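Undergrad: A predicted structure for the sequence below; I have some questions about it.
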Amino acid sequence: MIDTHAHLDDADIDRDAAIERAHSAGVDTILCVGTTLASSQAAVAIAENHPGVWAAVGIHPNSSAEAGPDDWGGITALAGHPRVVALGETGLDLQRDYLHRHLALGRRRDLPVIIHCRDAWADLLPLLREFAGAGPVRGVLHAFSGDAATLAECVALGLHVSFAGNVSYTNKKFQPLHAAAAAAPADRLLIETDSPYLVPEPLRGRQRRNEPAFMVHTAAALAALRGEPPETLAARAAENARRLFRLAP
């Protein structure tokens, strides 16, 4: 399995132990995602020291207001590192400028862009439509939280969609997400943990922090929603991830 989104640079985790637990659980590849220049540098360093880890570099929308004048230049430089396979995570929130920077750099460097969206679809989708006018948007909506119609439009624009632990939640408000997961095209579907966030069921409330090893629970919940064997779904999602991020098998 491939965890396509994890924040392994968090100082509060025993990183080596977490990666070992992931491997024991069958998660042999992890994409470590940056949110600032410093965390992107850390993600690259982690990828350099762990063969099964790759890096994404970028400035999260929640961090863009604090970014220094030279930070984007640092991200651009890191984008050429051989262990970097994606840009982001980025998003809209209050910073359209950085979203455009990530998308444009991704197109120039032929790197997929990891996009964060939380309750901002009405603002994000028009910008993605505009960008898609020059060609498909190569990237992924991470920790997807929209409905089936939103998913269909994202796929039409060229994007993949990645599901995290929230797809396993049974609260009524997650029913539209469940319907989207069931309808997602098999060749555009990815799985992630977004660790240390979004602990999946049945560990929710019992574990304070998520980690890549817990991806098995998200994969099982997603497979149940789609009526597929978990092993089949996980293998297909891994192949999608290898293709999108151009990872060696």
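TA: Received the coordinates, thanks. Numbering: from 1, shown residues only.
Undergrad: show me the shaky parts of this protein.
TA: By pLDDT under 70, the low-scoring segments of the chain are 93-95, 249.
Undergrad: can you list contacts of the helix ranked longest in it?
TA: In the chain, ranked by residue count with DSSP state H as the criterion, the top helix is helix 230-245. With Cβ atoms under 8 Å, 6 or more residues apart in numbering as the test, helix 230-245 has contacts from 1-2, 4, 26, 29, 31, 54, 85-86, 112, 138, 140, 160, 186-191, 216, 219-220, 222-223, 226, 247-249. C-beta here means a position set from N, CA and C on the backbone, and glycine is covered the same way.
Undergrad: give the ChimeraX command for selecting the buried subset of these.
TA: With 16 or more other Cβ atoms under 10 Å as the burial test, the buried ones among these are selected in ChimeraX as follows:
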select :1,2,4,29,31,54,85,86,112,138,140,160,188,189,190,191,216,219,220,222,223,226
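Undergrad: the contacts of helix 230-245 in strands, which ones?
TA: The strands, defined by DSSP state E, take in 2, 4, 29, 31, 54, 85, 86, 140, 160, 189, 190, 191 from the contacts of helix 230-245.
Undergrad: quick check: the farthest pair among the residues you listed?
TA: 54 and 189 (19.0 Å; Cβ to Cβ).
Undergrad: could you look up the SS state of the residue of the chain most remote from its centre?
TA: In the chain, counting by Cα atoms, centre = their mean, residue 69 sits farthest out from the average C-alpha position, at 26.0 Å. Under DSSP: H, G, I helix; E, B strand; the rest coil, residue 69 falls in the coil class.
Undergrad: need the phi and psi values for it.
TA: Backbone torsions of residue 69, given as degrees, to the nearest 10, read phi -60, psi -20.
Undergrad: how near is it to residue 59?
TA: 12 Å (Cβ to Cβ, to the nearest Å).
Undergrad: same question, residue 88
TA: Applying Cβ to Cβ to residue 88 and residue 59 gives a distance of 9 Å.
Undergrad: quickly list what's touching both of those two.
TA: 34, 102.
Undergrad: count the residues that sit near residue 39.
TA: 21 (other Cβ atoms under 10 Å).
Undergrad: how about the CA coordinates for the host helix or strand of it, as CSV?
TA: Using DSSP states H and E, residue 39 maps to helix 37-49. What follows is helix 37-49, C-alpha atoms only, in CSV (Å, rounded to 0.1, in the frame of the first residue of the first chain):
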residue,chain,number,x,y,z
LEU,A,37,9.7,25.9,3.7
ALA,A,38,11.1,24.4,6.9
SER,A,39,8.8,21.4,6.9
SER,A,40,9.4,20.9,3.2
GLN,A,41,13.1,20.8,3.8
ALA,A,42,12.5,18.3,6.6
ALA,A,43,10.3,16.2,4.3
VAL,A,44,13.2,16.0,1.8
ALA,A,45,15.7,15.1,4.5
ILE,A,46,13.4,12.3,5.7
ALA,A,47,13.0,11.0,2.2
GLU,A,48,16.7,11.0,1.7
ASN,A,49,17.2,8.8,4.8
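Undergrad: oh, and call the first residue 455 from now on, that's how I've got it
TA: Sure, I'll start counting at 455 from here, so that last one is helix 491-503.
Undergrad: contact partners for residue 616?
TA: Residue 616 is in contact with 458, 459, 594, 595, 596, 597, 598, 643, 644, 645, 646, counting by Cβ under 8 Å, 6+ apart.
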